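A.B. asks: okay, structure incoming, though there's no sequence with it:
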């Protein structure tokens, strides 16, 4: 059984803590709601695809989640990055990668940042590691 799933994601700036603070109108709130729903669905499909590619995965075990942003200019701040990746985690719950995204299931949730030279190298990777007691 595998103990790590890796997914490449592109979190939208509207979902970061600072982006959510700019929501002032009903139209903007609806737009953010649609983006959140789309990103949750993307997370679900990425989770299903990762499990199909990698094989057996036990979604009942506690997990550690690491979000790593590769940036060329200016990174998200730590809590903004973790907030923007929230819908992807909800999608992973929908896919069965983990039971829930509460602290009883997600034992560790951290952000890492790596500077790259060009914009073409910008990316965000979510790693989900099973915390099975072998």
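C.D. replies: All right, it came through fine. Keep in mind that what you see is a predicted model, and the values were worked out from it rather than measured. Numbers count the residues shown, from 1 in each chain.

A.B. asks: and residue 132, how close does it get to residue 62?
C.D. replies: 8 Å (CB to CB, to the nearest Å). All C-beta spots, glycine's among them, are computed from the backbone N, C-alpha and C.

A.B. asks: how about residue 71?
C.D. replies: 29 Å.

A.B. asks: how about residue 38?
C.D. replies: 28 Å.

A.B. asks: helices and strands of the protein: which one bottoms out on pLDDT?
C.D. replies: Here the helix or strand of the chain ranked lowest by mean pLDDT, DSSP states H and E is helix 17-21, holding a mean of 62.

A.B. asks: dihedrals phi and psi, residue 111?
C.D. replies: The phi/psi pair for residue 111 (degrees, to the nearest 10) reads phi -120, psi 140.

A.B. asks: hey, what's it bridged with?
C.D. replies: Using DSSP bridges, the bridge partners assigned to residue 111 are residue 67.

A.B. asks: so who does it touch?
C.D. replies: Counting by CB atoms under 8 Å, 6 or more residues apart in numbering, residue 111 touches 66, 67, 68, 69, 78, 81, 82.

A.B. asks: tell me the SS of the nearest residue to the first one once chain neighbours are set aside?
C.D. replies: Okay, so that is residue 66. Once flanking residues are discounted, residue 66 sits nearest to residue 127: 4.5 Å by CB to CB, 6 or more residues apart in numbering. Secondary structure for residue 127, judged by DSSP: H, G, I helix; E, B strand; the rest coil, is strand.

A.B. asks: residue 127 contacts residue 8, correct?
C.D. replies: No - when contacts are counted by CB atoms under 8 Å, residue 127 is not listed as touching residue 8 (10.7 Å).

A.B. asks: more neighbours, these two?
C.D. replies: residue 127 (16 against 9; other CB atoms under 10 Å).
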